[in-house]
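**Q** Sequence and predicted structure below; questions after.
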2 protein chains.
Amino acid sequence: MNEASVNLEEAGISEGISEVIVTTQSAAGERNAAPIGIITTMNEQEQGEIKYFMKLYKGSRTLANVLETNTLAANVTDDVVLFVKVAFENLSEKYFTDFEGMPVLKEANAWIVFTTVLVEESSEYFRFRLMPKAVEIRRKEVKAINRGRNAVIEAAVLATRFEITKDEQGREEMRKERERYNEIVKKCGGRREKEAMRVLQEKCPFR
Amino acid sequence: MNEASVNLEEAGISEGISEVIVTTQSAAGERNAAPIGIITTMNEQEQGEIKYFMKLYKGSRTLANVLETNTLAANVTDDVVLFVKVAFENLSEKYFTDFEGMPVLKEANAWIVFTTVLVEESSEYFRFRLMPKAVEIRRKEVKAINRGRNAVIEAAVLATRFEITKDEQGREEMRKERERYNEIVKKCGGRREKEAMRVLQEKCPFR
């Protein structure tokens, strides 16, 4: 695979931030999954060259694994229950399979294995450039926009922020925001979205 | 097509509210497009029977056309620029093509033609049951979740509400909410999402 020329659009990765589930393993083979964004830039000055980046935060299992192996896999999916689960718990072995020597998620619509190149270290995170090494598209589909599906993702992002917010006023605003997402899911979501919100409520009750 | 047994999951319509672009024509052949939700219910008491409904508001062009023809087409797409355009302007002829005698959008990923059956009339809207008559899946794809794409849809929904909100406090809260969506699009969106927000800003400047 000619790394410089790969366009991952067909595998679901477009300009901006694509939310994926990143799977990694330690040198000893322990597997991990976490929801992280792939940052895709298109540089018009460089004949539209497309580059992929990812920020990995210090203290995260994903960062520790990537520092050991220089490799990660991106699992493209819009399964909101899966997103909520990986954000707050360790996925059991039954969710995983293997692709090109990497752990990946059975249910994903596409897998992309990247080699990582460290490009920046800040006080909070390491930023890596991602070089595509292997791609497999597993399942293409048609899906209408569902505002409930979107609201689950926003509620999950909010929940991870809530956990690290200490001041009570900030937390109170987040509770109100969460309530809005709950209402959208109740109105627009299907069973899957409602199940995701139930899991989220259990994992992060916003107390 | 056996209407009672059709499951539109493969065409992108799932349980909950699926946001689609509805295309209709008047008896005289004038075409219209508008963003509307398909409400999909699954009744466990009735062996999981799936039913499709739609609320059409009084005064809308879509309702007038449906009352004349008892037919509408749902265009499944996640093109946010298209959603914003149809919400605030009349689409020009170049966007349309024909499918089973109905106007549909060239760029949609799936088309579904429904026969409509009036089931409820309230003071504000008519509610119809939708009976699938013809389906065409045009393009399947893989797409990662993009929070910017989602934020454009929420901003467009907010804009349609802003237009009918009169009290200044309510409007002020909406301006703040809009600002949050702007920030998400700036951070997570690609060119397409930013273009959609530009069109939205032009059509509904929240003043």
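**A** Yep, it's here.
**Q** where does chain A dip in pLDDT?
**A** A:1-6, A:46 (pLDDT under 70).
**Q** Chain A - how does it break down into domains?
**A** Following automatic domain parsing, chain A resolves into domains at A:3-78+A:91-137, A:147-203.
**Q** near chain B, anything from the first one?
**A** Yes. Shown here: domain A:3-78+A:91-137 in contact with chain B (C-beta under 8 Å from any C-beta of the partner chain) through A:10-20, A:37-38, A:40, A:42, A:76, A:78, A:109-110, A:137. Every residue, glycine included, has its C-beta placed from N, CA and C.
**Q** related to what we said a few turns ago, could you save the domains of chain A as a markdown table and add columns showing mean neighbour count?
**A** A markdown table is the format used below for the domains of chain A (neighbours: other C-beta atoms under 10 Å in any protein chain shown):
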| stretch | mean neighbour count |
| --- | --- |
| domain A:3-78+A:91-137 | 18 |
| domain A:147-203 | 18 |
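**Q** Export these to a markdown table and append columns for distance to B:Asn146.
**A** What follows is those, written out as a markdown table (distance: least, C-beta to C-beta, whole Å):
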| stretch | distance to B:Asn146 |
| --- | --- |
| domain A:3-78+A:91-137 | 6 |
| domain A:147-203 | 10 |
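**Q** In CSV, please show the C-alpha coordinates belonging to whatever helix or strand A:Ala196 lives in.
**A** Here A:Ala196, judged by DSSP states H and E, is contained in helix A:191-203. The C-alpha coordinates for helix A:191-203 follow below in CSV (Å, rounded to 0.1, in the frame of the first residue of the first chain):
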residue,chain,number,x,y,z
ARG,A,191,-34.4,0.8,20.6
ARG,A,192,-30.6,0.9,20.1
GLU,A,193,-30.3,4.6,21.0
LYS,A,194,-32.5,4.1,24.1
GLU,A,195,-30.4,1.2,25.2
ALA,A,196,-27.2,3.3,24.7
MET,A,197,-28.7,6.0,26.9
ARG,A,198,-29.6,3.5,29.6
VAL,A,199,-26.0,2.2,29.6
LEU,A,200,-24.7,5.7,29.7
GLN,A,201,-27.0,6.6,32.6
GLU,A,202,-25.7,3.6,34.5
LYS,A,203,-22.0,4.3,33.8
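**Q** Could you name the helices and strands sitting against that helix?
**A** helix A:80-88, helix A:147-164, helix A:168-188 (3 or more C-beta pairs under 8 Å, 6 or more residues apart in numbering or on different chains; DSSP states H and E).
**Q** So the longest one, near chain B or not?
**A** Okay, so that is helix A:168-188. Yes. Counting by C-beta under 8 Å from any C-beta, contacts between helix A:168-188 and chain B involve A:187-188.
**Q** for that helix, packing partners?
**A** Against helix A:168-188 (3+ C-beta pairs under 8 Å, 6+ apart) you get helix A:147-164, helix A:191-203, strand B:16-25.
**Q** swap in the first one?
**A** If contacts are counted by 3+ C-beta pairs under 8 Å, 6+ apart, helix A:80-88 sits against strand A:16-25, strand A:31-43, helix A:147-164, helix A:191-203.
**Q** Contacts for stretch A:121-138, please.
**A** With contacts defined as C-beta atoms under 8 Å, 6 or more residues apart in numbering or on different chains, stretch A:121-138 is touched by A:1, A:3, A:6, A:8, A:10-11, A:38, A:51-58, A:63, A:66-67, A:71-72, A:99-100, A:108-120, B:142.
**Q** If we use 6 Å, what do you get?
**A** Here stretch A:121-138 makes contact (C-beta atoms under 6 Å, 6 or more residues apart in numbering or on different chains) with A:3, A:6, A:11, A:52-57, A:100, A:109-120, B:142.
**Q** one step back: include distance to A:Arg127 when you put the helices and strands packed on helix A:168-188 into CSV, please.
**A** Compiled in CSV, these are given as follows (distance: least, C-beta to C-beta, whole Å):
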stretch, distance to A:Arg127
helix A:147-164, 19
helix A:191-203, 28
strand B:16-25, 35
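**Q** Ok, which of these comes nearest A:Phe88?
**A** Closest to A:Phe88 of these, according to C-beta to C-beta: helix A:191-203, at 3.8 Å.
**Q** Centre of the chain to that closest one, how far?
**A** In terms of C-alpha atoms, centre = their mean, to the nearest Å, the centre of helix A:191-203 is found 17 Å from the chain centre.
**Q** circling back to that earlier point, can you redo the helices and strands packed on helix A:80-88 as a markdown table with distance to B:Pro132?
**A** Listed next are the helices and strands packed on helix A:80-88 as a markdown table, based on distance: least, C-beta to C-beta, whole Å:
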| stretch | distance to B:Pro132 |
| --- | --- |
| strand A:16-25 | 32 |
| strand A:31-43 | 35 |
| helix A:147-164 | 22 |
| helix A:191-203 | 21 |
